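[1] how would this look folded up:
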Amino acid sequence: MLDNARSHGLWELTAPPAPETSGLKGSIRVDTAIVGGGYTGLSAALHLAEAGANVALLEAVEIGFGGAGRNVGLVNAGMWVMPDVLGDVLGGDYGERLLELLGDAPKLVFDLIERHRIECEVERAGTLHCAVGPKGLQELEQRAAQWSRRGAPVELLNAADTAAKIGSSAYAGSLWDRRAGTIQPLAYARGLARSAVNAGAKIFTRSAVTSAERVDGKWKLHAAGGHVIADRVIVATDAYATGPWSEVRTEQIHLPYFNFATQPLSDNVRASILPERQGAWDTNEVLSSFRFDRAGRLVFGSCGALRGTGAAVHRSWARRALKKLFPQIGDVRFEAEWYGLIGMTDDHLPRFHKLAENVFGFSGYNGRGIAPGTTFGRLLALYALGQLDEKDLPLPASTPIKPNFRSARTALYEVGAQFVHMIEARM
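    Got it, this is the predicted structure:
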């Protein structure tokens, strides 16, 4: 996208085409306008259209341009924080409601994929959170105990069982979450868009909302080619927000994350790495993730930006790290590379915002965009339709607050990851 091979990398090379869209022209009137064409906005558009609502979605660039088209493709349950922490931070009712909702979120993703026949390389073998040393294992023991108390289908694996599932003896154990899986993330976004269009939603791309005003009790959203008049507005822009209501972006600290994709590996090497095709990531502070695509490419990622000196540093680190983790690969050759931004909130929890009268949205996914984004999009549709009360949402309404030293902390993530990878590449 935008003639930049490092924006969406492998996913753009292998995803089915997006549905045909065009820029907004003239004036249209709808019940609900949605700003943002990622998982949240597309899910909201689909569920609204299926309910018979008149809905228009405005995307500044292309479908899946933001985090939806750049991520690892792990369909995870829950959030980064420990399950018990949600109750402490949000209060018992909200915390348990959010846990239950996000625990079931992968099922909604997989159900939509099946019901709408979305071609997105879905794998439902679960995910493996891999323990680096005793400290990492202790963390996973706590996660396993807290999820198990809630009846979640998770299992703590020892080092030997982990090695069998991963094809490497690098880890002290792992947490296997059978609820989860992997997808081709951009293909999923495009599939949601096609399903929404088929259901009657209007989707306009290259239609950045430049301003918004209240006119006769309605919202008038202006874009370069025209405007949309709507009763209500769903803001679904998250870490890539621009224009009106961009405070959902500035309340987040941005963590860059990159991925490299190998050339398709030989059959015998493929069989020795993640033989059941789980997606995986580790407990390191500067974490690593790895999973296969359907063609047998190993997708390997970590924190950092592929720009400036970072491109060479992270590429060198990735080759060495992969050879150490999976020596059976031999000479590591990358076919694609890309990176994007993860929006991190101060407490690593998402937000529900009422940004103005009849303007609302969820944001702040902290690296868990696929399942939460899809689920929150459905909730926003129900809320817009009047079928869900605010008191029944999984989060209380809050006001966006810009974090202290936001720019410095964002820069520190990028520089710090590069420094860690520079040191590790020499070890």
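
[2] Could you list the low-confidence segments of the protein?
    Within the chain, no stretch falls below the threshold (pLDDT under 70).

[3] can you map out the helices along it?
    Secondary structure of the chain (DSSP state H): helices at 5-14, 39-50, 83-90, 92-103, 105-115, 133-148, 159-166, 185-199, 247-250, 267-272, 309-325, 370-384, 406-425.

[4] what comes into contact with stretch 399-407?
    Stretch 399-407 has contacts (CB atoms under 8 Å, 6 or more residues apart in numbering) with 247, 248, 250, 251, 252, 253, 346, 351, 353, 355, 409. For glycine as for every other residue, the C-beta is placed from the backbone atoms N, C-alpha and C.

[5] So which of these wins on neighbours?
    Sorting these by how many neighbours each has (other CB atoms under 10 Å) puts residue 252 first, at 27 neighbours.

[6] give me every residue that touches that one.
    By CB under 8 Å, 6+ apart, the residues touching residue 252 are 238, 239, 343, 344, 345, 363, 364, 403.

[7] count of neighbours near the residue nearest to residue 346 when sequence neighbours are not counted?
    Sequence neighbours aside, residue 403 is the residue nearest to residue 346 in space, at 5.5 Å (criterion: CB to CB, 6 or more residues apart in numbering). Neighbourhood size, residue 403 [other CB under 10 Å]: 15.

[8] next one: the one 4 residues further on
    When neighbours are counted by other CB under 10 Å, residue 407 registers 11.

[9] ok so, going back, between the contacts of residue 252, which has the most around it?
    Result: residue 238 is most packed of the contacts of residue 252 (other CB under 10 Å), 29 neighbours.

[10] Skip the chain neighbours and tell me the closest residue to that one.
    Nearest one to residue 238, counting by CB to CB, 6+ apart, is residue 363 at 4.7 Å.

[11] Surely the one you found is in contact with residue 351?
    Yes. Residue 363 is in contact with residue 351 according to CB atoms under 8 Å; the separation is 5.4 Å.

[12] which neighbours do these two share?
    Common neighbours of residue 363 and residue 351 are listed as 248, 251 (criterion: CB under 8 Å, 6+ apart).

[13] How many residues are close by residue 111?
    Around residue 111 there are 11 residues (other CB under 10 Å).

[14] check contacts around it.
    Here residue 111 is in contact with no residues (criterion: CB under 8 Å, 6+ apart).

[15] And for residue 74?
    By CB under 8 Å, 6+ apart, the contact set of residue 74 is 127, 180, 182, 279, 281, 289, 291, 370.

[16] rewinding a little: and the contacts of stretch 399-407, which two are furthest apart?
    The largest separation in the contacts of stretch 399-407, counting by CB to CB, is between 355 and 409 at 23.6 Å.

[17] Distance of the residue nearest to residue 65 when sequence neighbours are not counted relative to residue 68?
    Nearest residue to residue 65, sequence neighbours excluded (CB to CB, 6+ apart): residue 1, at 5.9 Å. As judged by CB to CB, to the nearest Å, residue 1 and residue 68 stand 12 Å apart.

[18] which of these two has more neighbours?
    Neighbour totals were compared for residue 1 and residue 68, and residue 68 leads with 30 against 15 (other CB under 10 Å).

[19] Cross-check the contact I'm expecting between the more buried one and residue 184.
    No. Judged on CB under 8 Å, residue 68 makes no contact with residue 184 at a distance of 11.4 Å.

[20] Report how many residues lie close to residue 277.
    Neighbourhood size, residue 277 [other CB under 10 Å]: 18.

[21] Let me see the contact set for it.
    Residue 277 neighbours (CB under 8 Å, 6+ apart): 123, 125, 182, 291, 292.

[22] Sort out which one of those lies nearest residue 48 for me.
    Taking CB to CB as the measure, residue 182 is the one of the contacts of residue 277 closest to residue 48, at 27.7 Å.

[23] What's the local residue count around the closest one?
    29.

[24] thinking it is in contact with residue 280, fair?
    No. Counting by CB under 8 Å, residue 182 sits too far from residue 280 to count as a contact (9.6 Å).

[25] Pull up the overlap in contacts between these two.
    Contact criterion CB under 8 Å, 6+ apart; residues shared by residue 182 and residue 280: 127, 291.

[26] separation between the residue positioned nearest the centre of the chain and residue 172?
    Residue closest to the mean C-alpha point of the chain, counted by CA atoms, centre = their mean, is residue 369 at 2.5 Å. Going from residue 369 to residue 172 by CB to CB gives 28 Å.

[27] With residue 133 instead?
    Distance from residue 133 to residue 172, by CB to CB: 6 Å.

[28] Among those two, which residue is more densely surrounded?
    Set residue 133 next to residue 172 and count neighbours by other CB under 10 Å: residue 172 wins out with 19 against 11.

[29] Pull the contacting residues for that one.
    Applying CB under 8 Å, 6+ apart, the residues near residue 172 are 131, 132, 133, 134, 136, 137, 159, 162.

[30] Phi and psi next, for it.
    Main-chain dihedrals, residue 172, degrees, to the nearest 10: phi -80, psi -10.

[31] still on that earlier bit, got the helices of the chain as CSV, with distance to residue 223 columns?
    Converted to CSV, these look like this (distance: least, CB to CB, whole Å):
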stretch, distance to residue 223
helix 5-14, 22
helix 39-50, 15
helix 83-90, 36
helix 92-103, 33
helix 105-115, 28
helix 133-148, 44
helix 159-166, 47
helix 185-199, 18
helix 247-250, 18
helix 267-272, 46
helix 309-325, 34
helix 370-384, 20
helix 406-425, 28
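
[32] Identify, out of those, the most deeply packed stretch.
    Of these, the one with the most neighbours on average (mean count of other CB atoms under 10 Å) is helix 39-50, at a mean of 28.

[33] Tell me what angle it forms with helix 105-115.
    Counting by axes from the mean of the first three to the mean of the last three CA atoms, to 10 degrees, helix 39-50 lies at 50 degrees to helix 105-115.

[34] how near is residue 228 to residue 171?
    For residue 228 relative to residue 171 (CB to CB), the value is 50 Å.

[35] Neighbour count for the two, which is higher?
    Looking at residue 228 and residue 171 with other CB under 10 Å, you find the greater number of neighbours at residue 228, namely 29 against 25.

[36] I am finished for the moment; much appreciated.
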